[in-house]
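[1] Sequence first, predicted model second:
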Amino acid sequence: MPKDVTFQNRGVQIAAHLYLPNTFQEDRKYPALVGIHPAGGVKEQTIGLYAQQLAAHDFVVLVYDSSYQGASGGEPRLLEDPTTRVEDARCAAGFLTTQSFVDTERMGVFGVCAGGGYALAVAQTERRFKAVAGVSATPMGEAARRFFGNPIPPAEQIKSLEAAAAARTATANGADPVYIPFVPERPEDINDSTPTMLRDGYDYYRTPRGQHPNSKGRFLMTSMDKMLAFSTFQLLPTLFTQPLLLIAGNEADTKIYSDEAYALCEGPKELFVVKDATHIALYDKPEYLPSASQQYNSNKETMASTRLRVETRINHGIAQDMVLSLIVGSQAAALVDVPPQAKELVPWIRSNTNVPLVAIFATHFHPDHYFAAHFILESFPNANLYATEKTVALINDIIEGKTAFWKSALGDENIASSPKIPKPFPSTFLSLPGDDIVHLLGPVNGDSPEQTMFWIPPSKH
């Protein structure tokens, strides 16, 4: 699981996640990567998924929320400023150089969608990045002037600039900010003419598949002048010399940008095309993600995704019957829910897996799903107890009043004097090393209105 870290960009605090290799040793030196999220996205979404996969290949990976977005600071909120985005990545490289376990001669940068475009942009002048990669890379300036490769007439671009100027004036005089959605906000906004990227973008950003409360999926109108004036491609033929990997689906509306970047770069380069994949499919689809993440790791031993095994158990007795699940991967396991009879659970876990238990999840805030977790944590000290941010907030609201009640109901021997509170889980997916992705869906109505479901998509490989 990632570490929460922060760094600064010109006085703005940047919220970041630092992913460490699964076999991390403090006294070793590791290659390191900076990961840049898509426009409208946050570090907990697709860029975090890639970070998990790459950390399993012995990379140190730093992903972060860009200035003005997500959990990072800066005003005005939801500003998409390409120049600042580039500086964010530069500052991220600076943070990595302060970590004793990072090999500063083996640092790279990668990104997804607009993040891939920004990776190309920053590497032209940031020579600490020795290699560059982009998934569905989309250069924001070029995309603002040539939507999916189709030139936008100068008159239309000027209209956008005039709208940005009007919004700036209105805001200065007390009006509310004006926002533009990156993807459709409602199903009725989608029709037969909606491009595949935007149609799929709704499915990713606006549904439990990939949505996150910090990802608003929109940007300030006043960003338009900054995007229209920015160029990723202009200096690629002269200043970009690092090895380059571009990954794009052959069905992606945006593949044209990867084709163009590949043609412009003169140094070592590869364009890896994923068959049948669209732009958004490379964000999280399990049938495509292993192909993409393996390309990042082409200089290391290839790792193919494996299928997860799920063991279930029904616990009877002290409280209501409870169904719990043990998700077992090739290198690690995760437990979903802990019953009051947790002592009985330890031998069951050990009999069903010989890989480390690294995570325990409480699906909702009812105390009988986490109050006895200390028994599991004592037996599996490398595990962490998690729940969604909403569930953790509800637990903190009730913990004092519920502890005494449940101790009387379940017995002192089953409940700790100070029950362990779950940590907020910082993502919408779980990636056990070397295995398929587990999606966290919710909130859904179950035992409580904020319950979390765990979904393992069917394998297609």
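    Structure received.
[2] Every contact and neighbour count from this point should use C-alpha atoms.
    OK.
[3] Give me the below-cutoff pLDDT ranges for this structure.
    290-307, 317-320, 399-418, 433-436, 457-461 (pLDDT under 70).
[4] And the helices in it, which stretches?
    Assigned by DSSP state H, the chain shows helices spanning 46-55, 82-97, 114-123, 140-145, 154-172, 196-205, 224-228, 236-239, 255-264, 281-284, 289-296, 342-352, 373-379, 389-410.
[5] Need the ones you listed in a markdown table (columns: mean neighbour count).
    Below are those laid out as a markdown table (neighbours: other CA atoms under 10 Å):
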| stretch | mean neighbour count |
| --- | --- |
| helix 46-55 | 26 |
| helix 82-97 | 21 |
| helix 114-123 | 28 |
| helix 140-145 | 22 |
| helix 154-172 | 15 |
| helix 196-205 | 20 |
| helix 224-228 | 20 |
| helix 236-239 | 15 |
| helix 255-264 | 19 |
| helix 281-284 | 24 |
| helix 289-296 | 20 |
| helix 342-352 | 15 |
| helix 373-379 | 20 |
| helix 389-410 | 15 |
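[6] what number of residues lie near residue 217?
    For residue 217, the neighbour count with other CA atoms under 10 Å is 24.
[7] If you drop the residues flanking it in sequence, what lies closest to it?
    Nearest residue to residue 217, sequence neighbours excluded (CA to CA, 6 or more residues apart in numbering): residue 40, at 4.4 Å.
[8] ok, now residue 148?
    residue 254 (5.7 Å).
[9] follow-up on the earlier one: quick one, what contacts the residue nearest to residue 217?
    By CA atoms under 8 Å, 6 or more residues apart in numbering, the contact list for residue 40 reads 182, 215-219.
[10] The residue nearest to residue 148 contacts residue 138, doesn't it?
    Yes: applying CA atoms under 8 Å, one finds residue 254 in contact with residue 138, separated by 6.7 Å.
[11] Show me which of these two is the more surrounded one.
    Neighbours per residue (other CA under 10 Å) separate residue 254 from residue 138, with residue 138 holding more: 29 against 25.
[12] Look up the closest residue to residue 333, ignoring the ones flanking it.
    Using CA to CA, 6+ apart, the closest residue to residue 333 is residue 357 (4.7 Å).
[13] ignore the last one, residue 139
    Leaving out its chain neighbours, residue 139 is closest to residue 117 (CA to CA, 6+ apart), at 4.2 Å.
[14] Distance check, that neighbour against residue 250.
    Between residue 117 and residue 250 the computed distance is 18 Å (CA to CA, to the nearest Å).
[15] repeat for residue 280
    In terms of CA to CA, residue 280 sits 12 Å off from residue 250.
[16] Out of these two, name the residue with the larger neighbour count.
    More neighbours surround residue 280 than the other of residue 280 and residue 250, with 27 against 17 (other CA under 10 Å).
[17] I'd say residue 136 and residue 258 touch.
    Yes: at 7.3 Å, residue 136 and residue 258 qualify as touching, with contact defined as CA under 8 Å.
[18] any shared contact partners between these two?
    Common neighbours of residue 136 and residue 258 (CA under 8 Å, 6+ apart) are 246-248.
[19] domain parsing for this protein?
    Following automatic domain parsing, one finds the domains of the chain at 3-147+204-296, 309-455.
[20] and those as a markdown table, adding distance to residue 171?
    Below are these laid out as a markdown table (distance: least, CA to CA, whole Å):
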| stretch | distance to residue 171 |
| --- | --- |
| domain 3-147+204-296 | 10 |
| domain 309-455 | 33 |
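[21] Looking at the ones you listed, spot the one closest to residue 173.
    Ranking the domains of the chain by proximity to residue 173 (CA to CA) places domain 3-147+204-296 first, at 14.5 Å.
[22] related to what we said a few turns ago, show me what contacts the residue nearest to residue 139?
    Contacts of residue 117 by CA under 8 Å, 6+ apart are 111, 134, 137-140, 232.
[23] Dump those residues to JSON lines, plus distance to residue 126.
    Below are the contacts of residue 117 laid out as JSON lines (distance: CA to CA, whole Å):
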{"residue": "111", "distance to residue 126": "15"}
{"residue": "134", "distance to residue 126": "16"}
{"residue": "137", "distance to residue 126": "18"}
{"residue": "138", "distance to residue 126": "19"}
{"residue": "139", "distance to residue 126": "17"}
{"residue": "140", "distance to residue 126": "19"}
{"residue": "232", "distance to residue 126": "14"}
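[24] any idea which of those is closest to residue 386?
    Using CA to CA, residue 111 comes nearest to residue 386 of the contacts of residue 117, at 27.4 Å.
[25] Just confirm that closest one contacts residue 121, I think it does.
    No: contact criterion CA under 8 Å: residue 111 and residue 121 do not qualify, at 10.9 Å.
[26] before we move on, back to that, look up how far residue 76 lies from the residue nearest to residue 217.
    In terms of CA to CA, residue 40 sits 15 Å off from residue 76.
[27] next one: residue 180
    Separation of residue 180 from residue 76 (CA to CA): 14 Å.
[28] got it, and residue 386?
    Separation of residue 386 from residue 76 (CA to CA): 32 Å.
[29] neighbour-wise, which of those two wins?
    Using other CA under 10 Å, the more surrounded residue of residue 386 and residue 76 is residue 386, with 22 against 13.
[30] Pull the contacting residues for the closest residue to residue 283 other than its chain neighbours.
    Nearest residue to residue 283, sequence neighbours excluded (CA to CA, 6+ apart): residue 46, at 5.2 Å. Taking CA under 8 Å, 6+ apart, we find residue 46 in contact with 37, 112, 210, 283-284.
[31] wait, residue 264 sits on residue 238?
    No: counting by CA under 8 Å, residue 264 does not reach residue 238; the two are 9.1 Å apart.
[32] Identify the residue spatially nearest to residue 328, adjacent ones excluded.
    Nearest to residue 328 is residue 309, by CA to CA, 6+ apart, at 5.1 Å.
[33] In contact with that neighbour, which residues are there?
    327-329.
[34] roughly how far apart are it and residue 188?
    39 Å.
[35] same check, this time on residue 23
    48 Å.
[36] Also residue 169?
    Distance from residue 169 to residue 188, by CA to CA: 32 Å.
[37] now the end-to-end length of stretch 265-285.
    Taking CA to CA, the first and last residues of stretch 265-285 lie 29 Å apart.
[38] swap in stretch 217-234?
    Using CA to CA, the two ends of stretch 217-234 sit 28 Å apart.
[39] do the same with stretch 309-329
    Using CA to CA, first and last residues of stretch 309-329 are 6 Å apart.
[40] Stretch 49-60 too?
    Stretch 49-60 has its terminal residues 14 Å apart, counting by CA to CA.
[41] from the chain's centre, how far out does that stretch sit?
    Relative to the centre of its chain, stretch 49-60 is centred 12 Å away, using CA atoms, centre = their mean, to the nearest Å.
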